[in-house]
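> 3D, please:
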Amino acid sequence: MIRNRVLFVLVLTGIAAAFFLAFLTHAPNRLLTGSAIPLSQVAHGRLALGLAVALPLLLAPFPPQRPWVHVVVIAAAGLLQIELVALAGSHAADLAAIGRPAERTSLGGAFWILILCAALAIGDAQRRLGRPFLERVLMPIAVAGIVAFLAARGLLDQLSLARELATRRDAFLAAAIRHVVIVAAALLPTLVIGVPLGILAQRHLKLRNRIFPFLNIVQTIPSIALFGLLIGPLSALAALSPGLAALGISGIGLAPAILALVLYSLLPIVRNTVAGLDTVPAAIRDAGSGLGMTPRQLFWRVELPLALPVFLAGLRITTVQAIGLAAVAALIGAGGLGAIVFQGLFANAQDLVLLGTLPLIALALLADALLRLITQAATRTEA
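From the prediction side, this is the model:
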């Protein structure tokens, strides 16, 4: 009897990927399509270890779902991810030892699907255990730490992704820093504009009814279209005012990227500011006024602390959204990790695309986790 259908589907998906998709691909160079290498060929010689790691996941959907079963699933899925990475690195090293320097070994579809299924299995087991979010992030941190240790020891050096990083290390670091700068430069004016606007919208219904339709329309515009729409007006401003051009205001580059990100980011900030203030009960406001608080004291001491968790949820959405949208801004010369992604797309270099995409995902997950922890801390303080 299947008692955990979610895990059962994940196990079936992983098995199908392992049998029918390439675990690795091996190509003569970074531009040509590689030949598929199945997991069965990669795991040859480590079959016993692989079965020992995977067996608990294969059996876990069937017994009664006790807490110890979920703990076993978390441990087994984490070990499976580490074993998959080690298998890929080891086989890439073996191929590099007998091949030419230009040959590349890339991670295949089966690898990514198995990693994703294991991650989802960990998330499902943690949810069923009902543990706090801080405890949930310990396993992903442990897995990431072990993978980083393997990379530091050079065990993953012959994977094509690692070789791309080695040849572009300085450019990669510069792009990552540039990406963080773009996001931070967009979030600061968003908060400066969006929070007061949300407070005013919560106080005045007519203003709310005018602001939200405009912000909703902005959200419906595709990001690349909005970047393009800003090129003309900003170019005209730079032509009319040499001072603005000297400050970096132009139709391409950082200025239109930040302006577009601010426009996209306003809606969740304004909406959650309004929603957070709306959650403050009228009775608490009346009690504060009865104690002699001024409107300013009432806002800072009563309304803001109670509205803070909802506001932080909006900030989390805004930050993750900005990290993703900043990648598209590379098309108008803003730079960042998106530049690496588009270089890979234009050159048909899959691993170069991954070199830009994986840090974007990591940045988004890190920002989401940090803001979740801050939100939980604010909620406990409120309680």
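
> where do the helices sit along the stretch 1-150 of the chain?
5-20, 39-42, 47-59, 67-98, 109-129, 133-136, 138-152 (DSSP state H, counting those that start in this stretch).

> list the helices and strands the last one packs on?
Put plainly, it is helix 138-152. Helix 138-152 sits against helix 67-98, helix 109-129, with contacts defined as 3 or more C-beta pairs under 8 Å, 6 or more residues apart in numbering; DSSP states H and E. In short, each C-beta sits where N, CA and C put it, glycine included.

> with distance to residue 156 added, can I get those in TSV?
Below are the helices and strands packed on helix 138-152 laid out as TSV (distance: least, C-beta to C-beta, whole Å):
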stretch	distance to residue 156
helix 67-98	4
helix 109-129	12
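
> any idea how far residue 228 is from residue 147?
Residue 147 sits 39 Å away from residue 228, taking C-beta to C-beta, to the nearest Å as the criterion.

> of the two, which one has the most company?
Between residue 147 and residue 228, counting by other C-beta atoms under 10 Å, residue 147 is the more crowded of the two (18 against 15).

> pretty sure that one sits against residue 88.
No - contact between residue 147 and residue 88 fails when scored by C-beta atoms under 8 Å: they sit 10.7 Å apart.

> between the helices of the stretch 1-150 of the chain, which one is closest to residue 345.
helix 109-129 (17.6 Å; C-beta to C-beta).

> need the contact partners of the closest one.
Contacts to helix 109-129, defined as C-beta atoms under 8 Å, 6 or more residues apart in numbering, come from residues 4, 6-7, 10-11, 13-14, 17-18, 21-24, 38-39, 57, 65, 67, 70-71, 73-74, 77-78, 80-81, 84, 88, 135-136, 139-140.

> next, the angle from that helix to helix 67-98.
160 degrees (axes from the mean of the first three to the mean of the last three C-alpha atoms, to 10 degrees).

> buried residues of helix 109-129, list them for me.
By neighbour count with 16 or more other C-beta atoms under 10 Å, helix 109-129 contains the buried residues 110-111, 113-115, 117-126, 128.

> between those, which sits nearest residue 197?
Nearest member of these to residue 197, counting by C-beta to C-beta, is residue 123, at 35.5 Å.

> and the closest one, how far is that from residue 3?
Where residue 3 is concerned, residue 123 sits at a distance of 18 Å (C-beta to C-beta).

> low-confidence ranges in the stretch 101-250 of the chain?
232, 237-250 (pLDDT under 70).

> swap the cut-off to 80 and go again
131-135, 223-250 (pLDDT under 80).

> residues contacting residue 25?
33, 34, 35, 36, 37, 105, 106, 107, 108.

> excluding sequence neighbours, find me the nearest residue to the third one.
If the residues on either side of it in the chain are set aside, residue 35 comes closest to residue 26, at 5.6 Å by C-beta to C-beta, 6 or more residues apart in numbering.

> same question for the fifth one.
Among residues not flanking residue 37 along the chain, residue 24 sits closest, at 4.2 Å (C-beta to C-beta, 6+ apart).

> for burial, what's the neighbour tally of the one you found?
For residue 24, the count of nearby residues is 25 (other C-beta under 10 Å).

> identify the bridge partners of it.
residue 37, residue 107 (DSSP bridges).

> tell me the contacts of it?
So residue 24 contacts 36, 37, 42, 88, 91, 92, 105, 106, 107, 108, 111 (C-beta under 8 Å, 6+ apart).

> among those, which one has the most neighbours?
Busiest of these [other C-beta under 10 Å] is residue 92, holding 29 neighbours.

> is it true that that one touches residue 161?
No - taking C-beta under 8 Å as the definition, residue 92 is not a contact partner of residue 161, at 9.7 Å.

> list the buried residues of the longest helix along the chain.
The longest helix of the chain (DSSP state H) is helix 169-203. Under the neighbour-count criterion of 16+ other C-beta under 10 Å, helix 169-203 has 172, 175-176, 178-183, 185-187, 190-191, 194-195, 197-199, 201-202 buried.

> report all helices and strands that it contacts.
Short answer (3+ C-beta pairs under 8 Å, 6+ apart): helix 169-203 packs on helix 205-220, helix 254-278, helix 304-328, helix 337-346, helix 350-382.

> and the shortest one with helix 169-203, angle?
Helix 337-346 runs at 120 degrees relative to helix 169-203, counting by the same axes, to 10 degrees.

> domains of this protein?
5-159, 169-382 (automatic domain parsing).

> can you tell which of the helices and strands packed on helix 169-203 is closest to residue 101?
The closest of these to residue 101 is helix 350-382. By C-beta to C-beta, the value is 15.7 Å.

> buried set for the closest one?
Per 16+ other C-beta under 10 Å, helix 350-382 contains these buried residues: 350-357, 359-360, 363-364, 367, 369, 371-372, 375, 378.

> got it, and stretch 272-287?
Quick answer for stretch 272-287 (16+ other C-beta under 10 Å): 272, 273, 274, 275, 276, 277, 280, 285.
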